[in-house]
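Trainee: turn this into a model:
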Amino acid sequence: MAETMYALKPVFDLDAKVDIPACMYSLPVIQSSTPIAGIGGARAICPLAVEALEARQDAILARLGQLKDQVSAYKKSIGLPDVAVASPTLTFPAITESDSTLQRIAKLKETLLLIDAIFQQKLTSKSTQREPVTVTGILLANVTKTADIVIRCSPSFPAFSLKGIYSMLTASGLTVHTSCHTHCTVASLPPNVQSFLPVTEVARSTAQVRITLIWTEVGKDCELMVSPLAQTVIKGETNLLRYFSRLFPTIFPYESLPNLMAVDSMLDNVSSLQWAAPRAKQPLLRTLAVNLAKAPYLAGPTLSIADLALYSCIRQLGLDTDLQPELMRWYLTMAKQLEGKSSRNRNRNSSMRKSVSSPKKADIRKTHEVEKSPKKEPAAAKKGKSPTKEVKIEKNPPTKSGKENCPPSQPLNSAGNHMGKDKLFEYFTKNGIKYNNVDHPEVFTVEAMMPFLKNVQGAICKNLFLKDKKKNLYLLSAVHDKEVKLNDVAKKVGAKELRFGDESVMFEILGVSQGCVTAYALANDQKKSVKFIVDSSLLDGTYSSVNFHPMINTATTQISCEDFNKFLALTGHTVLKF
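Mentor: Here you go, the predicted structure:
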């Protein structure tokens, strides 16, 4: 047998010689500007590059000189002395052709440090002390001169609170300089803002407060720049008022108020009012007007920034034609106090004219209706009309606040079987239901109620009175932060097209009106005309207790989840969970 079948030639010639280059290509040494003989292909520095660098440095220095002149002019315009630097003239390091790259970089860094030192100088004139000034019984702070206050505002949503700010600053003895400008993007100004702020005779350099108003399209929220140099923007009229209150705390009291939390809540509600849906605006207005029955202003006996914010919002939105009596009186007082008697003669929009005239006519018509109503009662009695219409006649005269519209502790219906707050508590005691009650100011929304219930445990509930296409009535209760979609709820409980029910029907059956809706009102429905739709988490023990209004919106009453199930069993209503 042969040892090999056939012979093959080798694939690679192992004896072949391969020439490997010592270097593929040469590079200049980037760590040094001095070429090294025999290494790399470094070229001489282009003189055009040096000239371009020098020209750029000269342009920077010229611009810095212009900025320095502008800063000096601005200091003089606001009455501040020009602060001298260490040397009369600043000298910046010059770059020469013989300098290496590292030397040029070091000189540029030195130039930047000098520039930074110029802009980091602090104004020493702010340390000047003045004696406190007393004007009309008000102790003012040490007011020297504030920086320019620049406000950008949309002509469609003017910040009417600026008029109040100006009048209060001048009434306190401060000199105020105002100026108005129109941005090029605004074609023309509406008549009601053409003479928005009064023209002052105080020179800008001597005024203690300088307010510059720029009309430009910025939307509903105006913008405030504390200083053109700082370019710090504060958005929103309520935040603008907060800034002024911190700048002049004795003129616009805010953080020193004993009811600071209530004032903050009012300012938040005013901000919400600016963006609220049309049907949500009246409940917010009623919430803000809670204290007007007892005090002349929103936060008490003295005017606060909450009054300025609400006054401006009402004028912007044109809500002055549909205000409650107390709110209308307050609004007219604010208009007279902030804009003066001559404000009616200025160019104003039609809504302001209507707000001054229409309420008086409405009051006259209501007065005639009240005077005529006793004459119509005998005729109604002869025709044998139902007693429910007599109750409506008693409710026609305007009330002072929403509290009178809710059932008090005494029954309001003609049958006399509706429970109020006191009767409800007697009902709880009689049936062994333990309760805890928290009194608070009158509220009409859950959002307005939450600040007063920070220490309350358990589920805080919201309630809706509903009806369906077949005119079946429902009372819905859920946790306040749960999203409720009526279409989804209707499918779960087998109802058709759930919608909001009539307030008159709700009062007739449950004995409560808008703002006072509560699950406890089921105790007033003796005929069980209403079905109860309830969030399942309120019954299954997810929460230890539940909180509802006790027939009125000036209190919140808590019972345990177990007692809530017991309460529903006592009323005997149909319970539909979702």
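
Trainee: any stretches of the stretch 51-200 of the chain with poor pLDDT?
Mentor: Filtered on pLDDT under 70, the stretch 51-200 of the chain yields the residue ranges 77-90, 118-147.

Trainee: show me where it has its strands.
Mentor: Assigned by DSSP state E, counting those that start in this stretch, the strands in the stretch 51-200 of the chain fall at 134-135, 138-139, 149-153, 176-182.

Trainee: can you add mean neighbour count and give the ones you listed back as JSON lines?
Mentor: The C-beta positions use only the backbone N, C-alpha and C, and glycine is treated the same way. JSON lines is the format used below for the strands of the stretch 51-200 of the chain (neighbours: other Cβ atoms under 10 Å):
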{"stretch": "strand 134-135", "mean neighbour count": "12"}
{"stretch": "strand 138-139", "mean neighbour count": "10"}
{"stretch": "strand 149-153", "mean neighbour count": "21"}
{"stretch": "strand 176-182", "mean neighbour count": "17"}
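
Trainee: columns distance to Ala335 on top of the ones you listed, output as a markdown table?
Mentor: A markdown table is the format used below for those (distance: least, Cβ to Cβ, whole Å):
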| stretch | distance to Ala335 |
| --- | --- |
| strand 134-135 | 24 |
| strand 138-139 | 23 |
| strand 149-153 | 19 |
| strand 176-182 | 20 |
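
Trainee: right, and the ones you listed - which one's nearest Val575?
Mentor: Closest of the strands of the stretch 51-200 of the chain to Val575 is strand 149-153, at 53.7 Å (criterion: Cβ to Cβ).

Trainee: related to what we said a few turns ago, and the strands of the stretch 51-200 of the chain: which comes nearest Asp322?
Mentor: Nearest to Asp322 among these is strand 149-153; the distance by Cβ to Cβ comes to 25.3 Å.

Trainee: quick one, the closest one and strand 176-182 angle?
Mentor: Strand 149-153 runs at 40 degrees relative to strand 176-182, counting by axes from the mean of the first three to the mean of the last three Cα atoms, to 10 degrees.

Trainee: okay, now the sheet partners of strand 149-153, with direction.
Mentor: strand 209-215 (parallel), strand 223-225 (antiparallel) (DSSP bridges).

Trainee: now the helices for the stretch 401-550 of the chain?
Mentor: Using DSSP state H, counting those that start in this stretch, the helices of the stretch 401-550 of the chain run over residues 421-430, 446-449, 486-493, 503-510.

Trainee: likewise for the stretch 101-250 of the chain?
Mentor: Remark: helices assigned in the stretch 101-250 of the chain by DSSP H, counting those that start in this stretch are 101-119, 161-171, 237-247.

Trainee: what helices or strands is the second one leaning on?
Mentor: If contacts are counted by 3 or more Cβ pairs under 8 Å, 6 or more residues apart in numbering; DSSP states H and E, helix 161-171 sits against strand 176-182, strand 209-215, helix 237-247, helix 305-317, helix 325-339.

Trainee: if I look at Thr250, how far off is Gly300?
Mentor: As judged by Cβ to Cβ, to the nearest Å, Thr250 and Gly300 stand 17 Å apart.

Trainee: brain fart, Ala55
Mentor: Distance, Ala55 to Gly300, by Cβ to Cβ: 67 Å.

Trainee: ok, those two, which is more surrounded?
Mentor: Applying other Cβ atoms under 10 Å to Ala55 and Gly300 shows that Gly300 carries more neighbours, namely 17 against 10.

Trainee: right, and that one touches Asn259 too?
Mentor: Yes: contact status for Gly300 versus Asn259: in contact at 6.8 Å, counting by Cβ atoms under 8 Å.

Trainee: any idea which strand is longest in the chain?
Mentor: In the chain, taking DSSP state E as the definition, the longest strand is strand 459-467.

Trainee: what lies in contact with that strand?
Mentor: By Cβ atoms under 8 Å, 6 or more residues apart in numbering, the residues outside strand 459-467 that reach it are 446, 449-450, 453, 473-480, 484, 486, 498-503, 505-506, 510, 517-519, 533, 535, 537-538, 542-543, 545-548, 556.

Trainee: show me what contacts Glu237?
Mentor: By Cβ under 8 Å, 6+ apart, Glu237 lies in contact with Ala159, Ser161, Asp221, Cys222, Ala309, Ser312, Cys313.

Trainee: tell me the one of those residues nearest Gly458?
Mentor: Nearest to Gly458 out of the contacts of Glu237 is Ala309 (Cβ to Cβ; 33.7 Å).

Trainee: report how many residues lie close to that closest one.
Mentor: For Ala309, the neighbour count with other Cβ under 10 Å is 31.

Trainee: excluding its backbone neighbours, what's nearest it?
Mentor: Val270 (4.4 Å; Cβ to Cβ, 6 or more residues apart in numbering).

Trainee: quick one: the helix or strand encompassing the one you found to helix 305-317, angle?
Mentor: Under the criterion of DSSP states H and E, Val270 resides in helix 260-275. Interaxial angle, helix 260-275 versus helix 305-317 (the same axes, to 10 degrees): 10 degrees.

Trainee: give the rounded mean pLDDT of helix 260-275.
Mentor: Taken as a whole, helix 260-275 has a mean pLDDT of 87.

Trainee: show the subsequent helix or strand relative to it.
Mentor: Using DSSP H and E, the helix or strand that directly follows helix 260-275 along the chain is helix 278-288.

Trainee: quick revisit: tabulate the strands paired with strand 149-153 (JSON lines), appending mean neighbour count, distance to Ile552 and mean pLDDT.
Mentor: Putting the strands paired with strand 149-153 into JSON lines (neighbours: other Cβ atoms under 10 Å; distance: least, Cβ to Cβ, whole Å; pLDDT from 0 to 100) gives the following:
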{"stretch": "strand 209-215", "mean neighbour count": "21", "distance to Ile552": "45", "mean pLDDT": "89"}
{"stretch": "strand 223-225", "mean neighbour count": "20", "distance to Ile552": "41", "mean pLDDT": "85"}
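
Trainee: closest one to Thr333 among those strands?
Mentor: Closest among those, once you apply Cβ to Cβ, is strand 209-215, at 24.5 Å.

Trainee: any chance you could list what contacts that closest one?
Mentor: If you take Cβ under 8 Å, 6+ apart as the criterion, strand 209-215 is touched by 78, 143, 146-155, 162, 165-166, 169, 174-183, 186, 189, 193, 196-197, 204.

Trainee: if we go to 6 Å?
Mentor: For strand 209-215, the external contacting residues (Cβ atoms under 6 Å, 6 or more residues apart in numbering) are 146, 148-152, 155, 169, 174, 176-182, 186, 204.

Trainee: quick one: that strand to helix 161-171, angle?
Mentor: Put simply, strand 209-215 runs at 160 degrees to helix 161-171, going by the same axes, to 10 degrees.

Trainee: gap between strand 209-215 and the chain center?
Mentor: Distance of strand 209-215 from its chain centroid, counting by Cα atoms, centre = their mean, to the nearest Å, is 22 Å.

Trainee: give me phi/psi at the nearest residue to Asn259 once chain neighbours are set aside?
Mentor: Of all residues beyond its chain neighbours, the one nearest Asn259 is Ala299 (6.1 Å), with distances taken as Cβ to Cβ, 6+ apart. In terms of degrees, to the nearest 10, the main-chain angles of Ala299 are phi -100, psi 10.
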